[in-house]
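Participant: sequence first, then the predicted structure:
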Amino acid sequence: MTKESETKESEIGYVESMKRILSVSDDEITRELSGKPWNDAHAARYFMDFAQILALLPRCPARILDLGVGPGWTSIFLGKCGYSVLGLDIAPDMIRIANANLPIGIDVTFLCHDYEFPVAQAPFDAVLIYDALHHAYNEGAVISTAHAALCKGGVLLTIEPGFGHSTSADSINVMQRFGTTEKDMEFARQYRMMRAVGFAEVRQYLRLAELQIAPVNGDVGATQGEYFSALRHQTLTADFTSIVVAIK
């Protein structure tokens, strides 16, 4: 088996690996994944990210391609906001869970598809890759998929971990236990790939979900400003994490 095949097999079989390694039932895994983001310890962060996603996407009505959706909550949220969404994931179990969660009456379709390959249902007004590009074997191919799927003037929006992610203790633990791919996906790296495939403009935004919240009144008023300055430094200098919008 090639390295590419091995890597993708790990992504395809992620849910089965979780059941086996964690010694939990299919119902338990399904319940846990189905509850995302509501039951997640990082729920506040997900909701703040999604608010920025809505602020940066084209307004409805628009067609959105959501790549690497996992259990599909981002696609469902977008559908409830009025978008027409196609959500793709390489793992059949993830698509099964996403379809089971899909409410009646919203324009969302889930398909099992490797996002490193072209999508036949183009064109789209926007492509979203939320916390999924750094799991790709060939992230350049994913960027190419997004570019080809977009209409002229369409946008690609990514939210990804940046420098240091792949060497963090959590990432190393996940890679060792489940065989998943974890990469640094800093802005500079994304910028090069996006420009190489033909995106006309690439913009970088602060990821506000990373901003620590502090009071702005009284004696502690300066603290929030210090946190903002730290986030700006982490984004622009340390290339920690950010939101990226590329325009075709």
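Facilitator: Nice, thanks for sending it over. It should be emphasised that the depicted structure is a prediction, and the values quoted were computed from it without experimental measurement.

Participant: shouldn't residue 153 be in contact with residue 247?
Facilitator: Yes. Residue 153 is in contact with residue 247 according to CB atoms under 8 Å; the separation is 6.9 Å. The way it works is simple: take the backbone N, C-alpha and C, and place the C-beta from them, glycine included.

Participant: the two: which is more packed in?
Facilitator: Neighbours were counted for residue 153 and for residue 247 using other CB atoms under 10 Å; residue 247 has more, 15 against 10.

Participant: for the more buried one, which non-adjacent residue is closest in space?
Facilitator: If the residues on either side of it in the chain are set aside, residue 247 comes closest to residue 201, at 4.5 Å by CB to CB, 6 or more residues apart in numbering.

Participant: ok, how many other residues are close to that neighbour?
Facilitator: Using other CB under 10 Å: residue 201 sits among 11 other residues.

Participant: isn't it right up against residue 246?
Facilitator: Yes. Taking contacts as CB under 8 Å, residue 201 lies within contact range of residue 246: 7.1 Å.

Participant: list the contacts for residue 93?
Facilitator: 14, 15, 16 (CB atoms under 8 Å, 6 or more residues apart in numbering).

Participant: that one is in what secondary structure piece?
Facilitator: Element membership for residue 93, per DSSP states H and E: helix 92-101.

Participant: tell me which residues of whatever helix or strand comes next after that helix come out buried.
Facilitator: Per DSSP H and E, the first helix or strand lying C-terminal to helix 92-101 is strand 108-112. Within strand 108-112, the residues scored as buried using 16 or more other CB atoms under 10 Å are 108, 110.

Participant: which residues make contact with stretch 208-224 from outside it?
Facilitator: Taking CB under 8 Å, 6+ apart as the rule, stretch 208-224 contacts 44, 45, 46, 48, 49, 52, 227, 228, 231, 234, 240, 241.

Participant: end-to-end on that stretch?
Facilitator: End-to-end span of stretch 208-224 (CA to CA, to the nearest Å): 13 Å.

Participant: perfect, I'm done here.
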